[in-house]
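> My questions are about this predicted structure, shown below with the sequence.
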There are 2 protein chains.
Amino acid sequence: MGDLVGQAVEGTLYYLPYPEFERARGLDVEPEQRAGIFADMCRLNALYMIACAGSGHIGSSFSSLDIVSWLLLEEMNDDDVYFSSKGHDAPGFYAALIGTGRLDFALTHRLRRIDGLPGHPDVGTPGIVTNTGSLGMGVSKAKGMILANRLLGRSGRVFVMTGDGELQEGQFWESLVSAVNFDLHELVVVIDHNKLQSDTFVKNVSDLGDLLAKLEAFGWCVARCDGHDIPALARALSALETDPRPKVIIADTVKGRGVSFMEHTALDSDVAMYRFHSGAPDAGAYRKAAQELIDRLEQRIAAVGAPSLEFETVVREAPLPVAAEQQRLVAAYSRALIEQADRHPNLVALDADLILDTGLIPFREKHPGRLVECGIAEQDMVSMAGGMALNGLMPIVHSFACFLSARPNEQIYNNATEETRILYVGSLAGVVPGGPGHSHQAVRDISTLAAVPGMTLVEPSCEAEVGMLVDWCVNEAPGSSYLRLVSLPWNVPFNLPEDYRPVPGRGVCVHPGRDVAIIAYGPVLLSEAVNAARRLADEKGPSVRVINLPWLNQVDTEWLRGELAGCQKVFCLDNHYADGGQADMILSALAVGKGIPPDMQFVRVGIESIPPSGSVAEVLRACGLDADSLVSRVRQGT
Amino acid sequence: MGDLVGQAVEGTLYYLPYPEFERARGLDVEPEQRAGIFADMCRLNALYMIACAGSGHIGSSFSSLDIVSWLLLEEMNDDDVYFSSKGHDAPGFYAALIGTGRLDFALTHRLRRIDGLPGHPDVGTPGIVTNTGSLGMGVSKAKGMILANRLLGRSGRVFVMTGDGELQEGQFWESLVSAVNFDLHELVVVIDHNKLQSDTFVKNVSDLGDLLAKLEAFGWCVARCDGHDIPALARALSALETDPRPKVIIADTVKGRGVSFMEHTALDSDVAMYRFHSGAPDAGAYRKAAQELIDRLEQRIAAVGAPSLEFETVVREAPLPVAAEQQRLVAAYSRALIEQADRHPNLVALDADLILDTGLIPFREKHPGRLVECGIAEQDMVSMAGGMALNGLMPIVHSFACFLSARPNEQIYNNATEETRILYVGSLAGVVPGGPGHSHQAVRDISTLAAVPGMTLVEPSCEAEVGMLVDWCVNEAPGSSYLRLVSLPWNVPFNLPEDYRPVPGRGVCVHPGRDVAIIAYGPVLLSEAVNAARRLADEKGPSVRVINLPWLNQVDTEWLRGELAGCQKVFCLDNHYADGGQADMILSALAVGKGIPPDMQFVRVGIESIPPSGSVAEVLRACGLDADSLVSRVRQGT
């Protein structure tokens, strides 16, 4: 194909169609060689899928694909199942499922799109046996499957892929114990030991120590091999086969394997950040990567004397231009945190392997001694913060909201019963971005934290409000707080009044209107609401007032009554399940106060069922939270 | 003292007063011998405290006391701290704190009483540095304390006691990792390896395997000794002292050590249930135990040539007679579960080391192959249930409600996103019994589970309703369910109508009345409400209607409007924090329906702050949920 990629129209993306996979699977060569070619074909298609989607995990997909290909093509029998516990290697696995005919080829074009392939595995997809993406659950799930098989008189092995960063989760170690006590010989775990986790090297985040010794001490049958040396992997699997214990293979792999500059071994230092964990490559990186994969595939195919591969192409639509005024709440948080840290020498930040996504890199640069990197160990992190608070520090605990509010939920409560002060910061809050799917969409956090005594829950609506609320949480909150942070850059079509300052339980009108009120919080909901209000105004529809209430678990009902005066209809929006969100709190507070004003009707608009994985627009629409849906609901009055 | 105990008035309890502890601490003997005598004195007083309280953990208190005594008397410097991670060894630790003068002696008489000593440690008690009782958090807490010390330029070691059953919790292993990576040499963990956990032998519940090898593989400095051989313990501590790593001592101990028939080594088989894990001894066992401890103390004191000890006594008030009609919901649950299991061969029960307390022993006897004992590993248990449900079983998952709803909260959500059917049964639900304190009082579970999609939350009010609701959850629920179960036997002063059957979102009137309605659920709330209604009727106060609504996260608002007809005032009760309980759900549902009836006023009555540890009556009163408080509130109308 020569320099085909370099000469193509800008935005051209390459993939291999299904017949080429069929042909590759039929090549008359050694099975190990065939699997290697198949894996590279999957790499090209996974890269394509991620480029189309605009996000996805290249590094893990590539590190795991030699293993996955061997398992699917040669190792597994009909009654065996395979799944990935880490789940973010999904694009690679999807490519392999598609390449083996287990999944419809058309889905290649639908990664992270609604009715397509979710960002993390979901049982709605053929070939996916369990939902993953929340780390550390895989071995437990597999054990349950095997115990069920035994009780129902069925056989079959369960192969589970785990990450190495994932092994920092306590549940992994918790789950090893009974696998041995129950003699679960049907269980084969393969650790994709690619040495890197989300941010950087595992050894720098939270070193696993002597992994082989640990696994052996837990009583498992342990083997180790090069996870890209397929013959070695095949031998390791074969050697384990008759062992009566549960089995684990430490497969030493390279993150980003298959594209030279995406391989972690190409990093120029072991403290560098790895760029290809998640997100899509830029156009230049895509072209280089595709060219390298295509070149190698052509060489491999030629080397076995087969006719050359037929690649297909699509030209990617140019991404929408990023509005200059997009607000980045995480960046605003970074600034606010440093400001507080400069004032408070006892302030420390704790992170669970999301230093980039939670905005902590500037903090680390300014106060390196005050960042505690905990690894993917949220329970440990939260309880450590508890110990720090008891001994005089002001800990600020960071993770994605979906994990932070749920995994260490009991630990947060335990800390709360000590009546210390801790700030929990949950980023990636809410239903968008929708690409990662339900494991990462934080739409239960208000509910799971609402009854933690003394805890204040707040969500800023724009960059300006971030700093004010961080200041309030650090300096004024009577107890602990939870700062709920939308991570997606957002085009916010309103400004807070110049003199606005946070007052617990009170908010502020961000768009005037006479007939209908919308109460909401955060940049996504409020922006959609203001856009809906403007559209309705343009269309001579009802006049809509939009009220920002950043306090998620308290409301000053006197103030709210005043704000709602004159409105017959009030919509309470939740970027959260409708059950247990802000709306329930508001309505209950109004009811037990002076009662709900008799001439006022209330409507809850929140998430009513498990949200889909998809683009931002698709997911907001599906959940009825986009401006169009709000316009319809206001017009219908329900 | 001879046979003093045997000849004493029935109900006589023995303890040693503070001056005797002062004298013991001053004995001119080897420190190891002195600590041994002190430990036995603490055993007598811990036994006294538990007998007074009517509940408490003898086995762990006794197994840990030689270690605790040595640490407090000889090992710890002023800047060192000690705490127990398992926390249920509290009576022994309190006795030692009191015996060393760190805690007021008068508290000896106030175990598990309000304003006394909580059932599990709380920082409100002098000498207690962190709240424990939720297992597995201790090492993490200690790491946070040490990191805080370092940042603030302070020194001092942190000694943490853990159980051995506790090591089944993933957080323990999660927490070991960074202790090594952070070089936390100040951390000394002592495992009270008494070989038994709540129900029986650790090896039969979930065998720990080669514990020493595991801890060494995690990179800790590990030692092992007989935890009752104080000189050996002292040598082990001394040998570790200069090691730069975090340290752990496996202290082999005997559960119930110090009273021959309470020692686990006295069990006649290793499948027997151990009787002295929690709860108080009966009168006969108390007398025998006290006599044995007193005899040995007198011998030990005589052997060192000191004047004999002066014991003090109190005569315990006879416990209130148990009303014959007390209802036992857990026993009713046992029967209902077996009935369902007989009908459904794919039904399996999962347990997390609470087989006795969750009512699973009859099930195990009937269907031994269908009970999966998971150990204290709730996350693993819930994810295993997820795997089982995916593969065709109907799993029923058991633990205490406080743990089940919080520790594996993310795992429950992950299962829910698979849209399988699982029944979660949380016993020990609600604020009473109050003795164990906030780690065990499940008053956040409605909130933490309310937004799990497809999940139905129910709470039966009496034995008769248990079977109906279990039947509904197993056979009719559209998705997964959570059965919230009060464990305390309760005198239920109402009957359900003969023809009553559960209908989702609807309940039933259990006491007629005209003026005021009380909506509640569960035996505790409804009984207090009915008793309040009767008292008000006797006193010619407002006529109170009491409505049982067993559905915690859904209500049929049409039905409810009908039930409330004619009442101007409605009290919504929650055996839960007021925030996020049933009341919020009801009020929100009414508000978004036809609106709150304008002539009706609503009052939420739930838990407003961290509930105290205390007797049932004390705790209900403190939370305003007892009949007396309800009478007052109905009279006041707020």
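In hand now; what should we look at? The shown structure was predicted, so the numbers you read here are calculated from the model rather than taken from an experiment.

> A:Ser140: neighbour count?
Look at A:Ser140: counted by other Cβ atoms under 10 Å in any protein chain shown, it has 32 neighbours. C-beta coordinates here come from the backbone N, C-alpha and C atoms, glycine included.

> Tell me the spacing between it and chain B.
Per Cβ to the nearest Cβ, to the nearest Å, A:Ser140 is found 3 Å from chain B.

> so what's that residue up against?
By Cβ atoms under 8 Å, 6 or more residues apart in numbering or on different chains, the contact set of A:Ser140 is A:Gln171, A:Glu174, A:Ser175, B:Gln379, B:Asp380, B:Met381, B:Val382, B:Ser383, B:Met384, B:Gly386, B:Gly387, B:Gln411.

> which one of the residues you listed is nearest B:Cys52?
B:Met381 (35.2 Å; Cβ to Cβ).

> Can you list phi and psi of the residue nearest to A:Gly92 when sequence neighbours are not counted for me?
Once flanking residues are discounted, A:Gly92 sits nearest to A:Ser61: 3.0 Å by Cβ to Cβ, 6 or more residues apart in numbering or on different chains. Here is the backbone geometry of A:Ser61 (degrees, to the nearest 10): phi -60, psi -50.

> Check which residues of the helix or strand hosting A:Asp295 are buried.
A:Asp295 belongs to helix A:283-303 when assigned by DSSP states H and E. Buried residues in helix A:283-303, counted by 16 or more other Cβ atoms under 10 Å in any protein chain shown: A:285-294, A:296-298, A:300-301.

> if we can go back for a sec, the residue nearest to A:Gly92 - how many residues pack around it?
A count of neighbours around A:Ser61, defined by other Cβ under 10 Å, yields 32.

> just A:Leu240 next, same as before
By the criterion of other Cβ under 10 Å, A:Leu240 has 18 neighbours.

> do the same with A:Glu365
Neighbour tally, A:Glu365, other Cβ under 10 Å: 10.

> Ok, the one 3 residues further on next?
Taking other Cβ under 10 Å as the criterion, the count of residues near A:Pro368 is 8.

> Next one: it from A:Asn391, what distance?
To A:Asn391, A:Pro368 is 21 Å away according to Cβ to Cβ, to the nearest Å.

> And A:Arg23, by the same measure?
Applying Cβ to Cβ to A:Arg23 and A:Asn391 gives a distance of 65 Å.

> higher neighbour count, those two?
Between A:Arg23 and A:Asn391, A:Asn391 has the larger neighbour count (other Cβ under 10 Å), namely 25 against 16.

> With adjacent residues omitted, what lies nearest to the more buried one?
Closest to A:Asn391 by Cβ to Cβ, 6+ apart is B:Ala148, at 3.5 Å.

> count of neighbours near that neighbour?
So B:Ala148, with other Cβ under 10 Å, has 22 neighbours.

> same thing with A:Thr417?
23.

> same question, A:Leu496
Neighbourhood size, A:Leu496 [other Cβ under 10 Å]: 18.

> just A:Glu498 next, same as before
For A:Glu498, using other Cβ under 10 Å, the count is 5.

> Secondary structure element holding A:Asn575?
Element membership for A:Asn575 (DSSP H and E) is strand A:569-577.

> What is that strand packed up against?
When contacts are defined as 3 or more Cβ pairs under 8 Å, 6 or more residues apart in numbering or on different chains; DSSP states H and E, strand A:569-577 packs onto helix A:445-449, strand A:516-520, helix A:522-538, helix A:582-592, strand A:601-607, helix A:627-636.
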